[in-house]
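Chemist: need the 3D shape of this:
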Amino acid sequence: MAPELRDILFLDIETIGMVEHHDQLNERFKTQWARKASFLKREEGQSDEDLFHDRAGIYAEFGKIIVVAIGKFTENENGTLIFKTKSFANSDEKKLLEDFKSILDKTDLTKTKLCAHNGKEFDFPYLSRRMLVNGIMLPSLLNLAGTKKWEVPHLDTMEMWKFGDYKHFTSLELLLALFNIPTSKGRMDGSMVNTVYYKEKNLSKITEYCVADVVAIAQLYLKMKGLPLMEEKNIVSS
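Modeler: Numbers count the residues shown, from 1 in each chain. So this is what the prediction gives:
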């Protein structure tokens with residue numbers, strides 16, 4: 001295995017609003033959402049309630065995690081590169097995060113690095129915030145409070161693509177198209193997660209989508225290291 005592929009735990013999370021409808025919020029949260037929404041860009045005629053449905057899941061203070069998917073490169077007995085994935089999906093956020101934390105607690109802290117697309121701005125802080133809200137002690141891999149942005153010891157494929165340019169956001173989907181990497185977006189995209197969860201009650205569909213994104217991030221990482229894409233037969237779910 002190429003040295004640059006060792007000890008990386010790729011991950012992706014899927015999030016939703018803390019409740020299905022804005023009117024299910026208590027008065028304190030309605031007040032806080034009104035304050036938050038006042039700073040958000042909105043379409044003409046779009047109410048605070050509409051914004052809650054569309055945007056609440058983006059913010060750890062108003063959302064929750066329903067899926068975490070992870071993946072790691074390894075080798076089989078023949079020395080063939082394998083990518084193994086595992087997912088945690090649960091409507092009980094605390095149980096999900098405790099299960100995920102148990103995996104992080106078993107990793108070698110001196111070697112393991114997390115990798116996500118826009119992970120330093122979204123996935124890593126979101127996971128940390130929701131763990132604290134649920135009364136879960138942060139694992140060492142996420143306990144980065146006070147760490148300067150450039151000192152965060154993890155990997156971020158969006159940051160890797162910027163090459164020091166901090167002006168632009170580059171979506172995972174754009175980079176997948178650019179490098180001709182298969183995408184998970186045929187069946188759904190991130191904007192649909194709230195509806196698929198609350199309306200369709202289809203957590204397994206969201207989980208499948210999340211796992212596909214972890215695979216895509218790993219494939220993108222390979223391309224950024226000048227390595228060939230993984231063959232589908234060498235991608236294994238556990």
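Chemist: elements contacting the longest helix along the chain?
Modeler: Secondary structure of the chain per DSSP state H: the longest helix is helix 203-224. If contacts are counted by 3 or more CB pairs under 8 Å, 6 or more residues apart in numbering; DSSP states H and E, helix 203-224 sits against strand 8-17, strand 63-75, strand 81-89, strand 113-116, helix 157-162, helix 172-178, helix 193-198. (C-beta placed from N, C-alpha, C; glycine too.)
Chemist: now those as TSV including mean neighbour count?
Modeler: What follows is the helices and strands packed on helix 203-224, written out as TSV (neighbours: other CB atoms under 10 Å):
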stretch	mean neighbour count
strand 8-17	24
strand 63-75	22
strand 81-89	19
strand 113-116	22
helix 157-162	18
helix 172-178	17
helix 193-198	19
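Chemist: tell me the contacts of residue 214?
Modeler: For residue 214, the contact set (CB atoms under 8 Å, 6 or more residues apart in numbering) comprises 10, 11, 12, 69, 70, 71, 85.
Chemist: and if you look at residue 130?
Modeler: By CB under 8 Å, 6+ apart, the contact set of residue 130 is 60, 64, 65, 93, 97.
Chemist: what pLDDT does the model give the fourth one?
Modeler: According to the model's per-residue confidence, residue 93 sits at a pLDDT of 98.
Chemist: isn't it right next to residue 64, touching?
Modeler: Yes. If you go by CB atoms under 8 Å, residue 93 and residue 64 touch, sitting 4.7 Å apart.
Chemist: please pick out the residue of this structure most distant from its centre.
Modeler: residue 78 (31.7 Å; CA atoms, centre = their mean).
Chemist: and the gap between that one and residue 222?
Modeler: Residue 78 is 19 Å from residue 222, where distance means CB to CB, to the nearest Å.
Chemist: try residue 182
Modeler: 13 Å.
Chemist: which one of these two has more residues nearby?
Modeler: Relative neighbour count places residue 222 above the other of residue 182 and residue 222, with 21 against 13, counting by other CB atoms under 10 Å.
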